[in-house]
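Student: Following is a predicted model, sequence given first.
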Amino acid sequence: MKITFLTAALLASTASAIKTVITCDDANFKGNCRAEPERDADKRCWNMPIYGRKVSSVFSDDSYKYICTKFFNQYDCKGSSWLQSTKAATVPGFMNDNFWSYYHCICYDGGCI
């Protein structure tokens, strides 16, 4: 029962959390880097501006370890996706220079809720 209560408390405390993600044009956090606007972890989809077609590395503050960002290779959070939780000096090949949309969610058991 304590584990269930603890999990519920954790989810409740992070549900209204806000996360900022930094995207960089080149691997290893080099090139032009931009902060995406702060967004809630509410699974609301956000389309990225044209510079998303240049993203090759992504990072966020480690204090957001319970909030993940799910990136998609098409607008409106469709197509293939990649789940990012903290820092990625490189991104999966199918996402490299191909970021179109994203949303934040609560990380749980290797997935997004």
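Tutor: Yep, that arrived.

Student: Could you use CA atoms for every contact and neighbour count after this?
Tutor: Fine.

Student: Where does the prediction get shaky in the chain?
Tutor: Within the chain, the stretches with pLDDT under 70 are 1-17, 62-65.

Student: which residue is nearest the middle of it?
Tutor: With distances taken as Cα atoms, centre = their mean, Thr69 lies nearest the centre of the chain, 1.8 Å away.

Student: ok but it is inside a helix, no?
Tutor: No. Counting by DSSP: H, G, I helix; E, B strand; the rest coil, Thr69 falls outside a helix, being strand.

Student: how much space between it and Lys54?
Tutor: 18 Å (Cα to Cα, to the nearest Å).

Student: for this protein, what spans make up the strands?
Tutor: Listed in chain order, the strands of the chain (DSSP state E) span 18-19, 21-26, 30-35, 39-40, 46-47, 57-60, 67-74, 78-84, 101-108, 111-112.

Student: Same list, these, but as TSV with distance to Val91 please.
Tutor: Shown next, in TSV, are those (distance: least, Cα to Cα, whole Å):
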stretch	distance to Val91
strand 18-19	19
strand 21-26	10
strand 30-35	13
strand 39-40	21
strand 46-47	18
strand 57-60	6
strand 67-74	11
strand 78-84	9
strand 101-108	14
strand 111-112	18
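
Student: Which stretch among those strands approaches Thr90 most closely?
Tutor: Smallest distance to Thr90 across the strands of the chain (Cα to Cα): 4.9 Å, for strand 57-60.

Student: Residues contacting the closest one, please?
Tutor: Outside of strand 57-60, the residues within contact range by Cα atoms under 8 Å, 6 or more residues apart in numbering are 19-29, 85-91.

Student: Of the strands of the chain, which is nearest Met95?
Tutor: That would be strand 67-74 among those, by Cα to Cα, at 6.3 Å.

Student: Report all helices and strands that that closest one contacts.
Tutor: strand 78-84, strand 101-108 (3 or more Cα pairs under 8 Å, 6 or more residues apart in numbering; DSSP states H and E).

Student: does Lys70 really touch Tyr103, like I thought?
Tutor: Yes. The pair formed by Lys70 and Tyr103 meets the contact definition of Cα atoms under 8 Å, at 5.5 Å.
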